[in-house]
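Novice: quick one: sequence and predicted model below, then my questions.
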Amino acid sequence: MELTGWAPEHSDALREYFAQGMSFAKIANAINARFNTDYTRSAAIGRARRLGLTMPDSSPPAPPRLTPVPQLNRSSEPREPRSIEFPWPMPMFEKAPPVKLRCVEIEPRHLSLVELEHGDCRYPYGGDSDGEPITFCGHRRRPGSSYCTPHFHLSRNPELETASSPSVAPLHLGEPA
């Protein structure tokens, strides 16, 4: 037996079947049936290469020729905007004045994030323009909230607060057991 694990008669059978033009899968199956072995197609290919057996057309395929992609002519001049036509009429909206969401009921302390303490309101101020620092209200916050009472009400929808929420307690109907 050779060092590769292939017996000489197995290698001879490989040469014989290869000369007949059989595929490596069929060669492996024929050798397995003839010698009661369990060679795979890949094992047959590897052994054939080590024996120097090559297919006449076994050269690797040439890589596909890549055609150069034409470069788009991009000029530095601005283009005219294209108009888009919609098959339906566009709705007309009235211009609404911007709403400034700041609380007038309280004068903020304008604390930085580092200066805030555990019970301070965290309602932010500033940061609307580039370079403008963000500060925080800093007044005593409402229990169960991150904001003081005026900022709590400013940040909530008052209509939702008046509606009562349903109870999540289970309801038992009938007599106790």
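Specialist: Nice, thanks for sending it over. In this text the structure is predicted, and so the values were computed from the model without any measurement. Numbering: from 1, shown residues only.

Novice: shaky segments in the chain?
Specialist: Flagging of the chain using pLDDT under 70 yields the residue ranges 1-4, 55-67, 69-76, 86, 100-104, 157-172, 176-177.

Novice: quick one, domains of it?
Specialist: As given by automatic domain parsing, the domain ranges for the chain are 8-50, 105-157.

Novice: okay if I get those domains as CSV plus distance to Leu173?
Specialist: (C-beta placed from N, C-alpha, C; glycine too.) Output for those, formatted as CSV (distance: least, Cβ to Cβ, whole Å):
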stretch, distance to Leu173
domain 8-50, 71
domain 105-157, 33
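
Novice: can I get those domains in JSON lines with mean neighbour count?
Specialist: Below are the domains of the chain laid out as JSON lines (neighbours: other Cβ atoms under 10 Å):
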{"stretch": "domain 8-50", "mean neighbour count": "16"}
{"stretch": "domain 105-157", "mean neighbour count": "14"}
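
Novice: what are the ranges of the strands in the chain?
Specialist: Read by DSSP state E, the chain holds these strands, from start to end of the chain: 124-126, 134-136.

Novice: right, and these - which one's nearest Ala96?
Specialist: Each of the strands of the chain has some distance to Ala96 by Cβ to Cβ; the shortest is strand 124-126, at 23.3 Å.

Novice: show residues contacting that closest one.
Specialist: Residues outside strand 124-126 that contact it (Cβ atoms under 8 Å, 6 or more residues apart in numbering) are Arg102, Pro108, His110, Glu132, Pro133, Ile134, Thr135, Phe136, Cys137.

Novice: so which of those is the closest to Tyr17?
Specialist: Of all these, Ile134 has the smallest distance to Tyr17: 79.2 Å, by Cβ to Cβ.

Novice: tell me if I'm right that that closest one and Gly127 touch.
Specialist: Yes: applying Cβ atoms under 8 Å, one finds Ile134 in contact with Gly127, separated by 3.9 Å.
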